[in-house]
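# Have a look; sequence and predicted model below, questions after that.
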Amino acid sequence: MGPPKSLMFIFEAIEALESYFPLSFQESWDNSGFQVLFKHNILSGILLALDIRLETIKEAKQNDCNLIIAHHPLFLQALKNFDYKFYPENVLYLATKNEISIYAAHTNLDIAPFGLNYHLCKKFSLKNFFMLENLKPVFIGELEREQTFDEFIEFVKKTLNVPILKYVSSHNRSIKKLAICSGSCADYIPKLKGFDIDAFITGDLKHHSAIFAQQNGINVIDATHFYTEVWSKDVLFECLKDLDVNVIKSAKDYIPWNYI
């Protein structure tokens, strides 16, 4: 048994996190930051998650973690009523009952220079990648070698561990230059029309966005919201792993869809 860990308050861990991902980076519509706060409680452990469900709260309790840091906020709009039997109020109720603080690092994690989309560029081993200044948090970079679109689809599936994905094929050029934006960034497709890219990786591709891409020569891969953002736990872990407290990644995150 190692030496006892030094005492740390919950807000001190968050101060360390916000040195990497300031709340000032978040979009105006977002709700990054504390969802539930027991500010002066001593930190017993940190659970990192993509989403916050009842299973997440139970997992935190089982692992003696009284702080959950998630990518997705528990709620984006103010609650006008509270029914503890239904999501997300049931999660809020259980967290409060067990004095588990909840914090979300959402669009501030996406937009940060070394945040989630930077991490995805590294996963794909892109060269010369950079964030578009006027189109945050989209990154553009180049593959190490050109690939056919079929090869590229398999490369994406393997890199992100995606069992199934959908895509728009609008040209037969080799794939070399990519745009990447995690989560739900299909609305950026019209703004990417003027950029010299061979494919765009994102999630939540909608019907009309797919038609626009197809008609305007933009190959798009919808690698799902989940599989482009579940890596947020790795980004958070790298920033917090040296704290003198137990930091673990949730094993309870799962994609909400079923496929046949």
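Thanks, I have the structure now. Quick caveat, the model's predicted, so the values are computed rather than measured.

# pLDDT of the lengthiest helix in the chain, averaged?
Looking across the chain with DSSP state H, the single longest helix is helix 149-160. Rounded to a whole number, the mean pLDDT of helix 149-160 is 98.

# next helix or strand past that helix?
Following helix 149-160 in sequence order, the next helix or strand is strand 166-168 (DSSP states H and E).

# Now do the helix or strand just after that next one: which elements does it pack against?
Note on strand 166-168: by DSSP H and E, the next helix or strand toward the C-terminus is strand 175-184. Packing contacts for strand 175-184, counted by 3 or more C-beta pairs under 8 Å, 6 or more residues apart in numbering; DSSP states H and E, involve helix 107-111, helix 116-123, strand 139-147, helix 149-160, strand 199-203, helix 225-229. Bear in mind the C-beta positions are built from the backbone N, C-alpha and C, glycine included.

# how about 7 Å then?
helix 116-123, strand 139-147, strand 199-203, helix 225-229 (3 or more C-beta pairs under 7 Å, 6 or more residues apart in numbering; DSSP states H and E).

# What residues of the longest helix of the chain count as buried?
Residues of helix 149-160 classed as buried: 149, 152-153, 155-157, 160 (neighbour count, 16 or more other C-beta atoms under 10 Å).

# Equivalent analysis for stretch 19-32, please.
The neighbour-count check on stretch 19-32 (16+ other C-beta under 10 Å) flags 20-21, 25-26, 30-32 as buried.

# From start to finish, how long is it in a straight line?
The stretch stretch 19-32 measures 14 Å between its terminal residues, going by C-alpha to C-alpha, to the nearest Å.

# just to revisit the earlier point, most tightly packed of the helices and strands packed on strand 175-184?
Among the helices and strands packed on strand 175-184, strand 199-203 has the highest mean neighbour count (mean count of other C-beta atoms under 10 Å), at a mean of 25.

# That one - which strands sit beside it in the sheet, and in what orientation?
Paired with strand 199-203 in the same sheet, following DSSP bridges, are strand 175-184 (parallel), strand 220-222 (parallel).

# Let me know the angle separating it from strand 139-147.
Orientation check (axes from the mean of the first three to the mean of the last three C-alpha atoms, to 10 degrees): strand 199-203 against strand 139-147 gives 120 degrees.

# Could you check how far whatever helix or strand comes next after strand 199-203 is from the centre of its chain?
Sequence order places helix 207-215 as the next helix or strand after strand 199-203, per DSSP H and E. In terms of C-alpha atoms, centre = their mean, to the nearest Å, the centre of helix 207-215 is found 24 Å from the chain centre.

# Helix 207-215 vs strand 199-203, what angle?
Using the same axes, to 10 degrees: helix 207-215 against strand 199-203 is 170 degrees.

# Kind regards, and thank you for your time.
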